[in-house]
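# Make a model of this:
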Amino acid sequence: MSPERHSKTSLSAVLLDLDDTLYPERDFVHGGFRAAAKLLADQLQRDADELFGLLADQFQRGVRGSVFDAMLSELNVSHAPNLIDELVRAYRLHEPQLTLFADADRLLSLLQPRYGLGILTDGPADVQRRKVKALDLQHRVEAIVYSDDFGREHWKPSSIPYLELLRRLHAEPSHAVYVGDNPKKDFVGARRLGLQTVRVRRPNTEHTHLEPQPGFEADHEITSLDDLSDWLAANTRSERHAA
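The predicted structure follows:
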């Protein structure tokens, strides 16, 4: 973890990552696997629960990006060239059933009167919008930026989506904090712009085990968003009402 870079400063905005910061991303993954398994079960005349179990097992082993290929290879199933595309489409287009982490629910209610709240999220924009809708987040924050709207080259750590979210929240970088979970991309771009950064390192989430490369650290690290409000109180002063 890097040393604290800031003395106590005024803060007007809290910017939040989505996946594994506000809700368990594994829930979306499993929902997508069930949709893909159902499609495949109809084509192969196999049990959908069995196929879901195989997909979940591949994911548990750390397979990413080629989980459908790996599962079909394990089954020794030859397939039409477009089958993988169909499975990916079923995965991405399913209607997710998602629930906020309990601490995220509490945090949003606690911070909303005091700070401008925004979400910045990577991933295919149509997929991320369905997640936001499933979580009803559009009614709990002031602004949401989908980096994919600017093109894949402007996913984090590109400065473009951070600056757009700051613009919508009428906040300067030095008066904002970004909260995320992935040290590969969440903090380096935000820090370059002058935002404070906090990593929520939850147990048993996708990036828990990752140690950041030099320069990619967050300024502070917590294991629960319940700790964020205490950190904000200790390290910043709200200027929301003075704006």
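
# pLDDT score for the closest residue to P161 other than its chain neighbours?
The shortest distance from P161 to any non-neighbouring residue, by C-beta to C-beta, 6 or more residues apart in numbering, is to S147 (4.0 Å). Using the backbone N, CA and C atoms, a C-beta is placed for each residue, glycine as well. For S147, the pLDDT comes out at 98.

# How many neighbouring residues does D47 have?
Neighbour count for D47, taken as other C-beta atoms under 10 Å: 11.

# Let me see the contact set for it.
Going by C-beta atoms under 8 Å, 6 or more residues apart in numbering, D47 touches A41.

# repeat for L108
Applying C-beta under 8 Å, 6+ apart, the residues near L108 are 100, 117, 140-141.

# out of these, which are inside strands?
Secondary structure from DSSP state E places L117 of the contacts of L108 in strands.

# Report the two of the contacts of L108 separated the most.
Greatest spacing in the contacts of L108, by C-beta to C-beta: L100 and L117 (13.3 Å).

# Look up how far T121 lies from the residue nearest to P161.
According to C-beta to C-beta, to the nearest Å, S147 and T121 sit 7 Å apart.

# likewise I160?
Counting by C-beta to C-beta - I160 and T121 are separated by 14 Å.

# More neighbours: those two, which one.
Between I160 and T121, counting by other C-beta under 10 Å, T121 is the more crowded of the two (26 against 17).

# got a pLDDT number for the more buried one?
Reported pLDDT for T121: 98.

# Next up, phi/psi of the residue of the chain most remote from its centre, please.
Using C-alpha atoms, centre = their mean, the residue of the chain lying farthest from its centre is Q45. It sits 35.1 Å away. For Q45, the backbone dihedrals (degrees, to the nearest 10) come out as phi 60, psi 50.

# Now distance to L51, neighbour count and pLDDT too, for the contacts of L108, in JSON lines please.
Compiled in JSON lines, the contacts of L108 are given as follows (distance: C-beta to C-beta, whole Å; neighbours: other C-beta atoms under 10 Å; pLDDT from 0 to 100):
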{"residue": "L100", "distance to L51": "29", "neighbour count": "18", "pLDDT": "98"}
{"residue": "L117", "distance to L51": "39", "neighbour count": "20", "pLDDT": "98"}
{"residue": "R140", "distance to L51": "36", "neighbour count": "17", "pLDDT": "96"}
{"residue": "V141", "distance to L51": "37", "neighbour count": "20", "pLDDT": "98"}
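
# Might one say that P183 is in contact with P214?
No: in this structure, P183 is not within contact of P214 by C-beta atoms under 8 Å, at 11.0 Å.

# ok, the residue lying closest to V67 once chain neighbours are set aside to F28 distance?
Nearest residue to V67 in three dimensions, chain neighbours excluded: Q58, at 4.8 Å (C-beta to C-beta, 6+ apart). Look at Q58 and F28: by C-beta to C-beta, they are 16 Å apart.

# How about A56?
13 Å.

# For the longest helix anywhere in the chain, buried residues please.
Looking across the chain with DSSP state H, the single longest helix is helix 25-44. For helix 25-44, the buried set under the neighbour-count rule, 16 or more other C-beta atoms under 10 Å, comprises 25-26, 28-37, 39-41.

# do the same with stretch 105-121
Using 16+ other C-beta under 10 Å as the test for burial, stretch 105-121 gives 105, 107-108, 111, 114-121.

# how about these in a markdown table, adding secondary structure and distance to T208?
Listed next are the buried residues of stretch 105-121 as a markdown table, based on DSSP: H, G, I helix; E, B strand; the rest coil; distance: C-beta to C-beta, whole Å:
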| residue | secondary structure | distance to T208 |
| --- | --- | --- |
| D105 | helix | 21 |
| L107 | helix | 19 |
| L108 | helix | 22 |
| L111 | helix | 24 |
| R114 | coil | 29 |
| Y115 | coil | 26 |
| G116 | strand | 29 |
| L117 | strand | 25 |
| G118 | strand | 25 |
| I119 | strand | 21 |
| L120 | strand | 21 |
| T121 | strand | 19 |
